[in-house]
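Student: 3D model of this:
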Amino acid sequence: MLLSKDRIGGVLLLLFCVTYGLLSQNIRLLPFQENVAFHARTMPEVLAVLGIGLSLIVILFPGAAARPELRGYQWAKCALFLVLMSGYGLTIRPLGFILSTSLFLMIGFALLGERRPLTLVLVAVPLVVAFWVLMTQGLDVFIEPLPGFLKAEG
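Tutor: The predicted structure is shown next:
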């Protein structure tokens, strides 16, 4: 079996979907949800099964037989983005959603080549605030907007 780009992608997708499906079983159900047709685990389970099926199709019937080429990619930038995402995960609670996510987007845009500070701020901050408002006001999902030391005592 030739190890092509498609097959490597299919194997990675298969690993992700199997892990996702197994982890979806950790979703707790309320007692009245155990015997209903649609509950909190339904969509993750369906997505996992579909992903596993599609990844098996890609592994068994790859479209291209080209071998993977590792040259020509910007691996340093990829590593920097992985560090940035890890930093974002570590700072979202202490810095709050708005500050942490704004910094994440501004640094990410800078890594992608945007150099004008005003553009970075004028794109990232309104986008983050709009998303926060949508989540908290529209969908009633609580997201801590600011770090604890900036909140007003009441």
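Student: what's the closest non-adjacent residue to residue 131?
Tutor: residue 101 (7.8 Å; CB to CB, 6 or more residues apart in numbering). C-beta: built from backbone N, CA, C; applies to glycine.
Student: and what of residue 121?
Tutor: Distance criterion CB to CB, 6+ apart; nearest residue to residue 121, sequence neighbours excluded, is residue 106 at 6.9 Å.
Student: that neighbour touches residue 119, doesn't it?
Tutor: No - using CB atoms under 8 Å, residue 106 is not in contact with residue 119, being 9.6 Å away.
Student: so between these two, which is more surrounded?
Tutor: Using other CB atoms under 10 Å as the criterion, residue 106 and residue 119 rank with residue 106 on top: 19 against 12.
Student: list the buried ones in stretch 94-114?
Tutor: Residues of stretch 94-114 classed as buried: 95-109 (neighbour count, 16 or more other CB atoms under 10 Å).
Student: same question for stretch 18-30.
Tutor: By 16+ other CB under 10 Å, the buried positions in stretch 18-30 come out as 21, 24.
Student: list of residues touching it?
Tutor: 39, 40, 41, 44, 45, 47, 48, 49, 51, 52 (CB atoms under 8 Å, 6 or more residues apart in numbering).
Student: which one of these has the most neighbours?
Tutor: Each of these was scored for neighbours by other CB under 10 Å, and residue 48 scores highest at 21 neighbours.
Student: which members of the buried residues of stretch 94-114 are positioned in helices?
Tutor: 95, 97-109 (DSSP state H).
Student: is residue 45 within a helix or a strand, and which one?
Tutor: helix 42-60 (DSSP states H and E).
Student: can I get that helix in CSV? Just the C-alpha atoms.
Tutor: What follows is helix 42-60 as a C-alpha-only set of coordinates in CSV (Å, rounded to 0.1, in the frame of the first residue of the first chain):
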residue,chain,number,x,y,z
THR,A,42,-26.1,12.2,19.7
MET,A,43,-24.4,14.8,17.4
PRO,A,44,-20.9,13.9,18.6
GLU,A,45,-21.6,10.3,18.0
VAL,A,46,-23.0,10.9,14.5
LEU,A,47,-20.1,13.1,13.6
ALA,A,48,-17.6,10.5,14.8
VAL,A,49,-19.2,7.7,12.8
LEU,A,50,-19.4,9.9,9.6
GLY,A,51,-15.8,10.9,10.1
ILE,A,52,-14.6,7.4,10.6
GLY,A,53,-16.5,6.2,7.5
LEU,A,54,-15.2,9.1,5.3
SER,A,55,-11.6,8.5,6.6
LEU,A,56,-11.8,4.8,5.7
ILE,A,57,-13.0,5.7,2.2
VAL,A,58,-10.0,8.1,1.8
ILE,A,59,-7.6,5.4,3.1
LEU,A,60,-9.0,2.6,0.9
